[in-house]
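Chemist: when you get a sec, could you give me coordinates for this:
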Amino acid sequence: MTTAPLDVGALWLQTLQRALGRASHDVKDALNGISVNLEVIRTRAARPDAPASAVASFADAAAQQFERVANLIDAVLVLGRAERDPADVTATLRKIATLCSASPTSADALVRVIEDPTFGSTLTRVPGDAMRLALAAPLLDIVVGSDRARRASEVSCTIASDAHTVEVTIAAAGRSVTMPEGIGEAARRAGVHWVQDDPTLTLGFPRA
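Modeler: Modelled structure (predicted):
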C-alpha cells in the first residue's frame, strides 16, 4: 500500500513548525538578555552618582535584542497568515530568512538576502503556500544540518528577475543546497521549477 503525498498546505505547516521551533530558542535567549540588561540598568541607575555612561552599553545591548525579537515576531505574524495572491517572492523570502537566520550571538549560520531593486515587481502566480514551502524547506535544511561546524558559514539568497521568472539562488560556502525529499514534487506541481547546480540551488517562480 502506498501513502498518498501530503498536499502543499500540510507540507508548509510542517515546515513552518520546524522554523518556529528554531526561532523559539532565539526569542527566549533574546528575552532573557533583555531582562538581564534591564536589571543591570535599573540597579546602576538607582545610584545617585551613577553617570549615564555606566548603563549605555547595557541599554544598547537590550535595544539590539529587542529589535531581534520584534523582527522575529513580525515574521511569525506574516507567515502565520494566509498569503495574498499574487504573492511577493522578495517580501516572503525576507521573513523566512529572518526565521531561519541565527542571531548575531549564535554560532549558527546567518542568512543574507541579496536583492536588486532595479528588478521591479517580484510577484508570482505560484500559490502562496507553495512559494513559501519551496523557499523555506531547502533553506531550513542547510541551516539546521547535523554538521555544526559547516553550518556556521553564511547562507546567501540572491534574487534575480526577468520578464517571465523570479529566481532565488541559495548558496552556502562549502555545502550543497538541495531540494528536500518529499517537497520537490509538491512544489513542481504548483508551478515552481529549480536547477540543482552543485553546490547551489536556484528556484524559479513564474511571474504574475
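
Chemist: packing partners for the lengthiest helix in the chain?
Modeler: When the chain is parsed with DSSP state H, its longest helix is helix 8-45. Judged by 3 or more Cβ pairs under 8 Å, 6 or more residues apart in numbering; DSSP states H and E, the packing partners of helix 8-45 are helix 53-80, helix 89-100, helix 128-143, helix 184-189. Every residue, glycine included, has its C-beta placed from N, CA and C.

Chemist: can you tell me which of those helices is nearest to residue 39?
Modeler: Ranking the helices and strands packed on helix 8-45 by proximity to residue 39 (Cβ to Cβ) places helix 53-80 first, at 9.1 Å.

Chemist: helices and strands around the closest one, which ones?
Modeler: Judged by 3+ Cβ pairs under 8 Å, 6+ apart, helix 53-80 is in contact with helix 8-45, helix 89-100.

Chemist: return the most buried member of those.
Modeler: helix 89-100 (a mean of 22; mean count of other Cβ atoms under 10 Å).

Chemist: can you tell me the strand partners of whichever helix or strand comes after that helix and which way each runs?
Modeler: Going down the chain from helix 89-100, the next helix or strand is strand 111-114, by DSSP states H and E. Strand 111-114 sits in its sheet next to strand 155-161 (parallel), going by DSSP bridges.

Chemist: outside of stretch 51-63, which residues touch it?
Modeler: Outside stretch 51-63, the residues within contact range by Cβ atoms under 8 Å, 6 or more residues apart in numbering are 33-34, 37-38, 40-41, 44-45, 47.

Chemist: from those residues, which is closest to residue 80?
Modeler: Ranked by distance to residue 80 (Cβ to Cβ), the contacts of stretch 51-63 are led by residue 34 at 22.9 Å.

Chemist: show me the contacts for the closest one.
Modeler: By Cβ under 8 Å, 6+ apart, the contact set of residue 34 is 62, 65-66, 69.
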